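A.B. asks: Dropping a prediction and its sequence here:
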Amino acid sequence: MPSEHVDSAESARPDRGAHRGGRFTRRSFRDGGSGSWSGSGQDIALTLKIVVAGGFGAGKTTLVGTVSEIRPLRTEEPLSASGRGEDDTHGVERKSATTVALDFGRITIHAGLSLHLFGTPGQDRFRFLWDELCDGALAAIVLADTRRLVDCFAAVDYFEHRRIPFIVAVNCFPGAPAHTEHDVAHALDLAGGTPVVLCDARDRDSGKDVLIRTVEYAGRVHTARLLDSVG
């Protein structure tokens, strides 16, 4: 398993310094990172850890695989008869496999900045893995399915209690009820300012937009916390 990740609180420091003197922009992310983070004349290599969580069948494995530039690591196993009896498959009856440990992918923004993506298993019985997967994470993405919105409650509670910045990405499945970002935020009782975005986990550009929003929001949160700690 990749070990090159940084603690979320400490990662903000070189990140912000490089950002002030460099040219990292939303466009450079989409274009593969043509911008430079070399404000002091030296390139700064930085790897950020992002966790992708959510309920069973919300699209976590799909999102990680869609945006990853490498062949994603997956730990999917076929759903057994006993597993189907334990897991609620209402709304995702066609799902035939499930993640039993993690998904892993990587996307490089440019030579000095990359994101490591860790997808969590969605079932309650694998929740014991979350602490290990979330250790050192800069931020998290909670994937939500409006057909089964209650399934992401546990992930929202987990990240709120551990003060890990997160956004909610509503995966717009065909035929799923359409709700506005405001409606979803209200239903999940999110803290003010927590972003909610609509996405299609199958679309690479849509997935990149989710990552951009996540990193931007996490940067604002960690910056505010740092300023509070020294103020």
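C.D. replies: Alright, I've got the coordinates.

A.B. asks: Looking at the chain, which helix is longest?
C.D. replies: Ranked by number of residues, the top helix in the chain under DSSP state H is helix 204-230.

A.B. asks: buried set for that helix?
C.D. replies: For helix 204-230, burial by neighbour count (16 or more other C-beta atoms under 10 Å) applies to 206-215, 217-219, 221-222. Backbone N, C-alpha and C define where each C-beta goes, glycine included.

A.B. asks: what do you get for stretch 146-165?
C.D. replies: Result for stretch 146-165 [16+ other C-beta under 10 Å]: buried residues 146, 148-149, 151-152, 154-156, 158-159, 164-165.

A.B. asks: Filter these down to just the ones in helices.
C.D. replies: Per DSSP H, these map to helices at 154-156, 158-159.

A.B. asks: can you list those in TSV and add pLDDT and distance to Val170?
C.D. replies: Shown next, in TSV, are these (pLDDT from 0 to 100; distance: C-beta to C-beta, whole Å):
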residue	pLDDT	distance to Val170
Ala154	92	17
Ala155	94	13
Val156	96	13
Tyr158	94	18
Phe159	96	16
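
A.B. asks: Export those to JSON lines and append columns for distance to Ala201.
C.D. replies: JSON lines is the format used below for these (distance: C-beta to C-beta, whole Å):
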{"residue": "Ala154", "distance to Ala201": "19"}
{"residue": "Ala155", "distance to Ala201": "15"}
{"residue": "Val156", "distance to Ala201": "18"}
{"residue": "Tyr158", "distance to Ala201": "20"}
{"residue": "Phe159", "distance to Ala201": "19"}
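
A.B. asks: Closest one of these to Asp131?
C.D. replies: Tyr158 (9.3 Å; C-beta to C-beta).

A.B. asks: Quick check, that closest one in contact with Leu133.
C.D. replies: No. Using C-beta atoms under 8 Å as the test, Tyr158 is too far from Leu133 to be in contact (10.9 Å).

A.B. asks: show me where the chain has strands.
C.D. replies: Under the criterion DSSP state E, strands of the chain are mapped to 46-54, 73-78, 97-110, 113-119, 139-144, 166-171, 196-199.

A.B. asks: Compare the mean pLDDT across the ones you listed and name the weakest.
C.D. replies: Of all those, mean pLDDT reaches its minimum on strand 73-78 (a mean of 64).

A.B. asks: Mind pulling up the pLDDT for Arg148?
C.D. replies: Value for Arg148, per-residue pLDDT: 89.

A.B. asks: How about Gly57?
C.D. replies: 85.

A.B. asks: where does it fall, phi/psi-wise?
C.D. replies: Dihedral pair for Gly57: phi 80, psi 20, per degrees, to the nearest 10.

A.B. asks: for the longest helix of the chain, packing partners?
C.D. replies: helix 8-21, helix 26-30, strand 46-54, helix 60-67, strand 139-144, strand 166-171, strand 196-199 (3 or more C-beta pairs under 8 Å, 6 or more residues apart in numbering; DSSP states H and E).

A.B. asks: Mind listing the strands the third one pairs with, and their directions?
C.D. replies: Paired with strand 46-54 in the same sheet, following DSSP bridges, are strand 113-119 (parallel), strand 139-144 (parallel).

A.B. asks: Comparing the ones you listed, which comes out most buried?
C.D. replies: The highest mean neighbour count among the strands paired with strand 46-54, using mean count of other C-beta atoms under 10 Å, belongs to strand 139-144: a mean of 27.
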